[in-house]
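Chemist: sequence and computational prediction follow.
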Amino acid sequence: DAKTTQPPSMDCAEGRAANLPCNHSTISGNEYVYWYRQIHSQGPQYIIHGLKNNETNEMASLIITEDRKSSTLILPHATLRDTAVYYCIVRVVNSNYQLIWGAGTKLIIKP
Amino acid sequence: DAGVIQSPRHEVTEMGQEVTLRCKPISGHDYLFWYRQTMMRGLELLIYFNNNVPIDDSGMPEDRFSAKMPNASFSTLKIQPSEPRDSAVYFCASSRRATQETQYFGPGTRLLVL
């Protein structure tokens, strides 16, 4: 079973920041939070990951709450090409590197 | 870097036929993963390899499915005999030893079994 909870869909205006929430209330202390996205008809694409500190790269920022029970992926200036399904994943410890994929959030960027 | 390469991109076959899907991982990556994606079940891990050795095949649905990795640059997923319920998109992904969870996915093979 997936260990994360995400809204099924969200809309965002082009050029605005897209904030995608994820709840992972049962996360263990040594489990990382990963974000991937899947654009229609393509394979999933890695975005970012973190343990407890906020992270930023050229694609996005990841904000993890202090208690680590939730996180937010931020796309600072969303474009139409950011329309995709976004997956929040918690790596299962001692799972031999399995990533448990939930249903994700369908993000639609509107012009 | 060419990324993960999969072939064929699309496959249509009839029930009972053998299907072979192919994958070339990114050079230097030690881990290779096979996934299946359907609308009903989402993205499921079927099997993964480390240094060409199968590590966990618990996701392989049944004996009709088999996977091999004869060398570091090639892997196959075979379905024999195929059934309509095997229709799905099959993805191959690879990752480096030090960052196993940062997986790089191929474009997928869309399989339709009639």
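Modeler: That came through, no problem.
Chemist: can you give me the strands for chain A?
Modeler: With DSSP state E as the criterion, chain A has strands at A:9-13, A:18-23, A:33-38, A:45-50, A:55-56, A:61-64, A:70-75, A:84-90, A:105-110.
Chemist: nearest to B:Phe91, out of the ones you listed?
Modeler: strand A:33-38 (9.6 Å; Cβ to Cβ). Every residue, glycine included, has its C-beta placed from N, CA and C.
Chemist: what's the neighbour count on B:Gly59?
Modeler: By other Cβ atoms under 10 Å in any protein chain shown, the residues close to B:Gly59 number 16.
Chemist: for A:Asn54, give me its contacts.
Modeler: A:Ser61, A:Leu62, A:Ile63, A:Ile64 (Cβ atoms under 8 Å, 6 or more residues apart in numbering or on different chains).
Chemist: ok, so of those, who is nearest chain B?
Modeler: Set against chain B, the nearest of the contacts of A:Asn54 by Cβ to the nearest Cβ is A:Leu62 (13.6 Å).
Chemist: dump the residue contacts of B:Leu32.
Modeler: B:Cys23, B:Pro25, B:Tyr48, B:Phe49, B:Met69, B:Ser75, B:Cys92, B:Ala93, B:Ser94 are the contacts of B:Leu32 under Cβ under 8 Å, 6+ apart.
Chemist: how about the residues of chain A by chain B?
Modeler: A:32, A:34, A:42-46, A:49, A:87, A:91, A:96-99, A:101-103 (Cβ under 8 Å from any Cβ of the partner chain).
Chemist: repeat the analysis, applying 7 Å as the threshold.
Modeler: With Cβ under 7 Å from any Cβ of the partner chain as the criterion, chain A meets chain B at residues A:32, A:34, A:42-46, A:49, A:91, A:96-99, A:101, A:103.
Chemist: taking these, please make a PyMOL selection of just the buried ones.
Modeler: Those of these that count as buried under 16 or more other Cβ atoms under 10 Å in any protein chain shown are selected in PyMOL with:
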select buried, chain A and resi 34+43+44+46+49+91+97+98+99+101
